[in-house]
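A.B. asks: Following is a predicted model, sequence given first.
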Amino acid sequence: MHGESTVRRLPRTGLLEAFSHALRLAERLPAGASKDHVHRAICELIEVRSSSEQNWRVERLLNSLFRLTEGREPGATRVEPALVNRLLGVLQQEVVPMLRPASSAKTR
C-alpha cells in the first residue's frame with residue numbers, strides 16, 4: 001500500500017471529461033501510425049499508477065505531438081498545426097494539471 005500515496009485521488013468527472021476532450025481531438029488527426037500512437041498514449045495516461053510513470057508518459061505524448069507539428073514523426077501524414085496545437089492545449093491545460101500530484105502543485 002506504500003506506493004498508492006504517490007497518486008492523487010482525482011475528481012472522476014472532470015478528469016474523464018478532459019480525457020474525452022483530448023480523445024475527440026486525437027480522432028481528428030489523419031489516419032495512420034501517428035494517430036494510433038497519440039490515441040494509445042492518451043489511453044495509457046488513464047491507467048497510470050504512479051507519479052513517475054505519469055511524468056514519463058506525459059512527456060512522451062507531448063514530444064510525439066511536438067514532432068507531429070514539425071513533421072518529424074516517422075510515417076506521419078501532414079497534420080494541420082492548429083489541430084495539434086488545440087490538442088496540446090487540452091493536454092497541458094486540462095489533463096496534465098489534473099494528473100499532477102498535489103505535492104508538486106504546492107512547490108510551483
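C.D. replies: Yep, it's here.
A.B. asks: Residue 45 sits in which helix or strand?
C.D. replies: Counting by DSSP states H and E, the element that carries residue 45 is helix 33-46.
A.B. asks: tell me what that helix is packed against?
C.D. replies: Counting contacts by 3 or more CB pairs under 8 Å, 6 or more residues apart in numbering; DSSP states H and E, helix 33-46 packs against helix 12-26, helix 51-70. Where you see a C-beta, it was placed from the backbone N, CA and C, and this is true even at glycine.
A.B. asks: in the last one, what's buried?
C.D. replies: Under the neighbour-count criterion of 16 or more other CB atoms under 10 Å, helix 51-70 has 51, 54, 55, 57, 58, 61, 64, 65, 67, 68, 69 buried.
A.B. asks: now do stretch 18-30
C.D. replies: Applying a neighbour-count criterion of 16+ other CB under 10 Å, one finds 18, 19, 21, 22, 23, 25, 26, 29 buried in stretch 18-30.
A.B. asks: wouldn't residue 18 be in contact with residue 89 here?
C.D. replies: No. At 11.5 Å, residue 18 does not count as touching residue 89 under the criterion of CB atoms under 8 Å.
A.B. asks: can you list the weak-confidence ranges in the protein?
C.D. replies: Of all residues in the chain, those with pLDDT under 70 make up the ranges 1-13, 71-78, 100-108.
A.B. asks: again, only using 90
C.D. replies: Of all residues in the chain, those with pLDDT under 90 make up the ranges 1-16, 29-38, 44-56, 58-81, 84-85, 92, 94-108.
A.B. asks: picking up where we left off before, alpha carbons of the helix holding residue 45, in PDB - could you do that?
C.D. replies: Output for helix 33-46, consisting of C-alpha atoms alone and laid out as PDB, is shown next (Å, rounded to 0.1, in the frame of the first residue of the first chain):
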ATOM      1  CA  ALA A  33       0.500   5.300 -37.200                       C
ATOM      2  CA  SER A  34       0.800   8.700 -35.600                       C
ATOM      3  CA  LYS A  35      -2.900   9.000 -34.900                       C
ATOM      4  CA  ASP A  36      -2.800   5.500 -33.400                       C
ATOM      5  CA  HIS A  37       0.200   6.300 -31.300                       C
ATOM      6  CA  VAL A  38      -1.300   9.500 -29.900                       C
ATOM      7  CA  HIS A  39      -4.600   7.800 -29.200                       C
ATOM      8  CA  ARG A  40      -2.900   4.900 -27.400                       C
ATOM      9  CA  ALA A  41      -0.700   7.300 -25.400                       C
ATOM     10  CA  ILE A  42      -3.700   9.300 -24.200                       C
ATOM     11  CA  CYS A  43      -5.400   6.000 -23.200                       C
ATOM     12  CA  GLU A  44      -2.300   4.900 -21.400                       C
ATOM     13  CA  LEU A  45      -2.400   8.000 -19.300                       C
ATOM     14  CA  ILE A  46      -5.800   6.900 -18.000                       C
END
